[in-house]
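[1] give me the fold of what follows.
(one chain, ligands or ions: 1)
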Amino acid sequence: MKNRIVTDKSLLDMNTFGISARTAYYAEFSSVYELRAVLADPQVAGLPRRVVGGGSNILLQGDFPGLILHPAAQEISLLEKTGDTVVIRAEAGVEWDLFVAWNVARGYAGLENLSLIPGYVGASVIQNIGAYGVEACEAVREVEIFRTDTGLTETIPAEKCRFGYRDSIFKRELFGKAIVLSVMFVLSTVPRFRLDYGDLRAEVERRGGATIENVRQAVIAIRESKLPDPKVLGNSGSFFKNPVVSEAMSAELTAKYPDMPAYPVPDGVKLAAGWLIDHAGWKGRRMGNAGVHDRQALVLVNSGGATGAEILALARAIQDDIHEKFGVDIEPEVNIL
Ligand SMILES: Cc1cc2nc3c(=O)[nH]c(=O)nc-3n(C[C@H](O)[C@H](O)[C@H](O)COP(=O)(O)OP(=O)(O)OC[C@H]3O[C@@H](n4cnc5c(N)ncnc54)[C@H](O)[C@@H]3O)c2cc1C
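    Okay, here's the model as predicted:
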């Protein structure tokens with residue numbers, strides 16, 4: 001097996017924040033055999049390692065002193081079609097939105113609300129991506145991983161993935177131990193439209209009514225009008241997760257701020273981090289080359305030449321301020337590398 005490890009590689013084009021940083025070692029893998037060969041190479045033994053797919057949910061603090069692994073396998077396979085149900089496997093290196101488009105083109109429903117989310121299929125299960133009222137976990141049947149602690153592959157059924165809001169077992173017990181190789185999804189030829197989120201229904205109606213293609217196009221149009229394009233303004237989407245607080249705390253805050261959005265969830269009440277950041281006066285503010293987007297307070301941006309440390313300093317300043325003003329702790333959704 002030829003050595004696929006590259007040394008001292010720039011990561012500038014591999015992170016949507018557009019942070020200029022380098023990694024000591026970098027390797028792409030298309031199979032578990034290639035992955036094993038890379039991990040067995042003595043030059044990377046004992047070094048920290050991380051997987052980076054599209055780099056759309058990471059913040060590079062600076063140069064990475066270890067090995068960055070990049071999934072390159074891009075096959076999509078239709079495994080089964082029984083009645084209305086279709087089972088599809090996509091390898092970790094498939095671009096997420098290409099996968100959504102592939103399914104929509106064939107009339108396979110279930111992922112259309114997740115159109116245009118940047119990144120790869122492999123990462124979709126790491127934080128259980130979600131948008132417009134749908135989460136990836138609703139369509140996941142199982143996840144095939146490589147365990148770096150045992151050197152073996154394993155298949156984890158969805159019910160054992162501990163999927164939650166932007167959360168999964170891969171961010172917790174299996175953090176740093178699991179490399180996602182492929183994901184198996186179950187979709188349907190009979191759509192169950194989910195249009196109750198924001199302006200989606202109106203946008204779908206404007207396109208002539210509910211079809212999965214119209215839902216996809218409506219989601220794309222709304223996203224393009226609301227979110228900054230990372231190619232123009234570096235960002236990683238929502239920087240913070242929406243915090244979940246106790247009912248008592250939510251009641252106290254809504255008494256003080258009657259227009260504050262608050263949604264009951266099984267373990268408390270979910271608040272909108274964007275609202276808190278906006279109401280603390282951060283929208284559009286800059287600290288050095290890092291800033292808060294002027295239309296989306298949840299999105300931190302690289303205003304040009306920002307370092308990871310500058311973005312992190314802004315994020316910490318916002319977290320401290322939100323804690324001081326509202327008594328609420330907000331956590332990053334973005335993975336800090
Ligand atoms: C403009 C914009 C809009 C966004 N909108 C949304 C949204 O609506 N909803 C949403 O949920 N997210 C959103 N995101 C965040 C991001 O698109 C998702 O989190 C996406 O799944 C990240 O994919 P990626 O391949 O870029 O992951 P990366 O950024 O490369 O990695 C993210 C994390 O997953 C790990 N990882 C990646 N691949 C693997 C693998 N194969 N095995 C093990 N670990 C792996 C990495 O180590 C890292 O910790 C948005 C981002 C941007 C820039």
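
[2] surely Asp199 is in contact with Ile222?
    Yes. Counting by CB atoms under 8 Å, Asp199 touches Ile222, with 6.0 Å between them. Every C-beta, even on glycine, is put in place using the N, C-alpha and C of the backbone.

[3] near the ligand at all, stretch 182-197?
    No. Using CB under 6 Å from any ligand atom, stretch 182-197 never reaches the ligand; the gap is at least 9.1 Å.

[4] so where's the stretch 1-150 of the chain uncertain?
    Low-confidence segments of the stretch 1-150 of the chain, defined by pLDDT under 70: 1-3.

[5] for the residue of it at minimum distance from the ligand, what are phi and psi?
    For the stretch 1-150 of the chain and the ligand, the shortest gap (CB to the nearest ligand atom) falls at Gly119, measuring 2.1 Å. Backbone dihedrals for Gly119, given as degrees, to the nearest 10, come out at phi 100, psi -170.

[6] correct me, but it touches Ser56?
    Yes. Taking CB under 8 Å as the contact criterion, Gly119 and Ser56 are neighbours in contact, 4.5 Å apart.

[7] hmm, back to that, so between Asp199 and Ile222, which is more surrounded?
    For Asp199 and Ile222, the more surrounded residue by other CB atoms under 10 Å is Ile222, and the numbers stand at 20 against 15.

[8] Gly18: how many residues sit nearby?
    When neighbours are defined as other CB under 10 Å, Gly18 has 20 of them.

[9] oh sorry, the question was meant for Glu310
    A total of 20 residues lie near Glu310 under the criterion other CB under 10 Å.

[10] secondary structure element for it, which one?
    Under the criterion DSSP states H and E, the helix or strand holding Glu310 is helix 308-326.

[11] next SSE after that helix?
    Using DSSP H and E, the helix or strand that directly follows helix 308-326 along the chain is strand 335-336.

[12] strand partners (parallel or antiparallel) of that following strand?
    On the basis of DSSP bridges, the sheet neighbours of strand 335-336 come out as strand 58-59 (parallel).
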